[in-house]
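> Need the 3D shape of this:
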Amino acid sequence: MRFPLLALLASGPAHGYELKSQLEQRFGSVLPPLNAGQIYTTLSRLQRDGLVDDDAVAQNGRPNKRVYRLTGEGRKELDAWLAEATPSPRLKDDFFMKLVLARSSGIADPLRLIDRQRGAYLQALRELDDVATSLNGDDTAALLVEGAALHLEADLKWLELCERQMTDGS
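The predicted model follows:
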């Protein structure tokens with residue numbers, strides 16, 4: 001949540017609820033429901049780290065509202081994040097560890113593990129199809145759903161490779 005909040009604050013000051021609403025508006029149904037407490041906890045950490053600052057804004061008869069703004073240090077941190085490529089290779093994969101250890105130690109049938117994982121991936125694809133049909137023209141959400149589907153399809157192909165290796169290379 002750290003960098004999305006910094007990115008939103010780059011366009012101008014906002015209070016926590018506005019930031020939560022902006023994230024929900026931009027990412028729609030593809031982002032899990034956000035907890036306001038998570039937003040405020042992250043803002044407190046960003047403030048502690050000198051990346052955001054806040055101002056108290058008086059409200060009629062209610063407690064002051066905190067409006068957060070990006071600091072110069074926060075802008076540098078955001079720029080560094082934007083300049084970095086996001087790592088994608090997953091060499092430490094929990095399923096792969098299960099598979100290798102099940103095969104080498106005989107604690108489980110690797111082919112059953114592959115079948116179970118395939119079922120989970122296919123279920124996730126079906127759920128993405130359901131999400132895709134409910135997007136109502138939300139291009140941002142559609143891109144995220146398509147990316148997730150492509151990753152799942154690649155994972156399914158990888159499972160086929162694992163299965164061939166387990167049966168042919170035993």
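> What residues of stretch 50-59 count as buried?
By neighbour count with 16 or more other CB atoms under 10 Å, stretch 50-59 contains the buried residues 51-54. All C-beta spots, glycine's among them, are computed from the backbone N, C-alpha and C.
> swap in stretch 2-21?
4-9, 14-16, 18-20.
> Stretch 159-166 too?
159, 162, 166.
> How about residues contacting the stretch of helix or strand Ala132 belongs to?
Assigned by DSSP states H and E, Ala132 belongs to helix 110-133. By CB atoms under 8 Å, 6 or more residues apart in numbering, the residues outside helix 110-133 that reach it are 29-30, 95, 98-99, 102-103, 141-142, 145-146, 148-149, 152-153, 155-156, 159, 162-163, 166-167.
> Now, the residues you listed that are in helices?
95, 98-99, 102-103, 141-142, 145-146, 148-149, 152-153, 155-156, 159, 162-163, 166-167 (DSSP state H).
> Tell me how far Leu152 lies from Asp55.
45 Å (CB to CB, to the nearest Å).
> try Ile107
Distance from Ile107 to Asp55, counting by CB to CB: 58 Å.
> next one: Asp139
35 Å.
> residues in contact with the residue most central in space within the chain?
In the chain, the residue lying closest to the centroid (CA atoms, centre = their mean) is Leu31, at 7.8 Å. When contacts are counted by CB under 8 Å, 6+ apart, Leu31 touches 23-24.
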